[in-house]
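**Student:** with the sequence up front, the predicted model follows.
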Amino acid sequence: MFDLMRLSWNIALQFLRDGRAQTLLILIGIAVGSAVIVFITALVTGLQGNIVNRTLGSQPQIVVKAPDLVPLTPPPAPDTVYLSRIDPRPQRLRGIDNAAAVLHAIRAMPDVKAATPLVSGPAFAQRGNAVRAVAILGIEPSSYVRIIPVDTDIVAGQFAVGAEKILIGSRLASDLGLSVGDTLRLTGPAGQAQAYRVAGIFTMGVRDVDERQVYLGLQQAQTLLGLPGAITEIDLSVHDLFSAQAIAARIARTFDVKAESWMTTNSQLLNALSSQSLSTNIIRLAIALSVALGIASVLAVSVVQRTREIGILRAMGATRVRMMTVFLIQGGVLGLIGSTVGALLGVSLVYVFNTSGPRLFPVTISPWLVPQAMLIATLAGVIAAFAPARRASRLDPVEAIRTV
């Protein structure tokens, strides 16, 4: 059995060597196609990762808040229909009920990577005659930086909040003419006012964040917003980014709170990522079909050119299955060799892009990408070889030998 299989391999490789020009051309085609698959897949994956990191670098993956206030309406009397309009209630600033217990339970969930308490609300920032509307964020520094790494975005001063120290965005600092050590007056929604010293200035690269957000210590923000001891938000990060929606829904059901994931608040981004993934899969499918058609055409020509040799082999006792095996081996060998060269070429293109390209974002290659591209090309070669192999196995030995 082993000798017969080795004979099939020898015949298949001899056929490929006899048609060197055709073999070389199809190998080049397969290599180019495999290189495109590796490079495009790595490029789109890197682009998606960069977009997600930039977008979610300044916001949590899940935000937990107190449920919305709803108007209380009496149930209608039996056999009575009320024709009325119910206006929604204004949503006042308030904390989460039993926030400490909810935070502890959320941190214990296996899907949650990190959770931090937050007090947020509107305020006015004033320096001299200049006034700006800002968003106050009272944070617990040690846990907050695990969600939003503000400490790595400091461009002036140091990362420090609490004890009259605050952090402001670079655009807000520019608008108000502030620098590290200057004093900024903040006024809360109920009229509470306090002067703070700017300990650091950050830049996250998001205009709205750099222009409006002001970081305080948790207790300072509670005092300024008139919410002593309250927590208005719990911000989360999760292990699986794309399971955030399901985790948020489970948290909302379990704790009777309002939980929104980044997939809800950034639906357009999610659609863009899905469209990019779909486009990449279509490109990969088109290239795989091109490779398969190229292999099939070369092997179909090979069957016609070697009709006489096939007839002789059949007359010498080669079965139909053996003749099919010969051409299937050719298809697999073409796909494997071509995809190996193409994968190396694709990795080289990624290296050139990272070193000599625009360097807008790093492109990394998944450990499974190269084996996957090689497997796709090899399977495409075997499948494409099936039709020519079937035709070769059905040739009548007598008629084939007569063919000149």
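**Tutor:** Thanks, I have it.

**Student:** please count neighbours and contacts with C-alpha atoms only from this point.
**Tutor:** Will do.

**Student:** quick one: Leu227 from Ala160, how far?
**Tutor:** For Leu227, the distance to Ala160 equals 22 Å [C-alpha to C-alpha, to the nearest Å].

**Student:** domain boundaries for this structure, per the record?
**Tutor:** Per automatic domain parsing, the structural domains of the chain span 2-54+270-402, 99-256.

**Student:** weakest of these by average pLDDT?
**Tutor:** Confidence, taken as mean pLDDT, is least for domain 2-54+270-402 of these (a mean of 76).

**Student:** how far off centre is it?
**Tutor:** 28 Å (C-alpha atoms, centre = their mean, to the nearest Å).

**Student:** quick one: the strands in the stretch 251-400 of the chain?
**Tutor:** 258-261 (DSSP state E, counting those that start in this stretch).

**Student:** which stretches in it count as helices?
**Tutor:** Assigned by DSSP state H, counting those that start in this stretch, the helices in the stretch 251-400 of the chain fall at 262-265, 267-305, 307-315, 320-356, 369-384, 386-393, 397-402.

**Student:** list the buried residues of the fourth one.
**Tutor:** If I follow you right, that is helix 320-356. 320, 322-347, 349-351, 353-354 (16 or more other C-alpha atoms under 10 Å).

**Student:** what's the angle between it and helix 369-384?
**Tutor:** Angle of helix 320-356 versus helix 369-384, following axes from the mean of the first three to the mean of the last three C-alpha atoms, to 10 degrees, is 150 degrees.

**Student:** show me what helix 320-356 is packed against.
**Tutor:** On a contact count with 3 or more C-alpha pairs under 8 Å, 6 or more residues apart in numbering; DSSP states H and E, helix 320-356 meets helix 2-18, helix 20-56, helix 267-305, helix 369-384, helix 386-393.

**Student:** turn those helices into TSV, columns for distance to Phe255.
**Tutor:** Listed next are these as TSV, based on distance: least, C-alpha to C-alpha, whole Å:
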stretch	distance to Phe255
helix 2-18	65
helix 20-56	25
helix 267-305	25
helix 369-384	41
helix 386-393	58
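
**Student:** turn these into a markdown table, columns for mean neighbour count.
**Tutor:** Shown next, in a markdown table, are these (neighbours: other C-alpha atoms under 10 Å):
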| stretch | mean neighbour count |
| --- | --- |
| helix 2-18 | 15 |
| helix 20-56 | 20 |
| helix 267-305 | 17 |
| helix 369-384 | 22 |
| helix 386-393 | 21 |
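
**Student:** for Ala114, find the nearest of these.
**Tutor:** helix 20-56 (14.4 Å; C-alpha to C-alpha).

**Student:** any idea how far the closest one is from the chain center?
**Tutor:** For helix 20-56 - counting by C-alpha atoms, centre = their mean - the centre lies 17 Å from the chain centre.

**Student:** any idea which helix or strand comes after it?
**Tutor:** Later in the chain than helix 20-56, the nearest helix or strand by DSSP states H and E is strand 62-65.

**Student:** please identify which of the helices of the stretch 251-400 of the chain is closest to Arg17.
**Tutor:** Per C-alpha to C-alpha, nearest to Arg17 of those: helix 320-356, 10.7 Å.

**Student:** quick one, the closest one and helix 20-56 angle?
**Tutor:** 50 degrees.

**Student:** wait, which of the domains of the chain is closest to Ile86?
**Tutor:** Here domain 99-256 is closest among those (C-alpha to C-alpha), at 23.2 Å.

**Student:** quick one: end-to-end distance for that closest one.
**Tutor:** Domain 99-256 end-to-end distance (C-alpha to C-alpha) = 12 Å.

**Student:** now it, how far from the chain's geometric center?
**Tutor:** The answer for domain 99-256 is 26 Å, by C-alpha atoms, centre = their mean.

**Student:** find the nearest non-adjacent residue to Leu336, please.
**Tutor:** Leaving aside its chain neighbours, Leu336 sits nearest to Thr378 (5.0 Å; criterion: C-alpha to C-alpha, 6 or more residues apart in numbering).

**Student:** my read: the one you found touches Gln330, true?
**Tutor:** No. Contact between Thr378 and Gln330 fails when scored by C-alpha atoms under 8 Å: they sit 10.3 Å apart.

**Student:** coming back round to it: out of the domains of the chain, the one nearest Lys65 is which?
**Tutor:** Between these, domain 99-256 lies closest to Lys65; by C-alpha to C-alpha that is 4.9 Å.

**Student:** from Thr23, how far off is the residue nearest to Leu336?
**Tutor:** Counting by C-alpha to C-alpha - Thr378 and Thr23 are separated by 15 Å.

**Student:** any idea whether Val209 is helix, strand or coil?
**Tutor:** When classified by DSSP: H, G, I helix; E, B strand; the rest coil, Val209 comes out as helix.

**Student:** surely it and Ser170 touch.
**Tutor:** No. Counting by C-alpha under 8 Å, Val209 does not reach Ser170; the two are 9.3 Å apart.

**Student:** neighbour-wise, which of these two wins?
**Tutor:** Ser170 (25 against 21; other C-alpha atoms under 10 Å).

**Student:** contacting residues around the more buried one?
**Tutor:** 201-203, 210-211 (C-alpha atoms under 8 Å, 6 or more residues apart in numbering).

**Student:** from the residues you listed, pick the one nearest Ala296.
**Tutor:** Distances from Ala296 to those, taken by C-alpha to C-alpha, are shortest for Thr203, at 56.4 Å.

**Student:** I figured the closest one hits Asp210, correct?
**Tutor:** Yes. Here Thr203 reaches Asp210: they are 5.9 Å apart, a contact under C-alpha under 8 Å.

**Student:** joint contacts of the two?
**Tutor:** Going by C-alpha under 8 Å, 6+ apart, residues that sit against Thr203 and also against Asp210 are 169-170.
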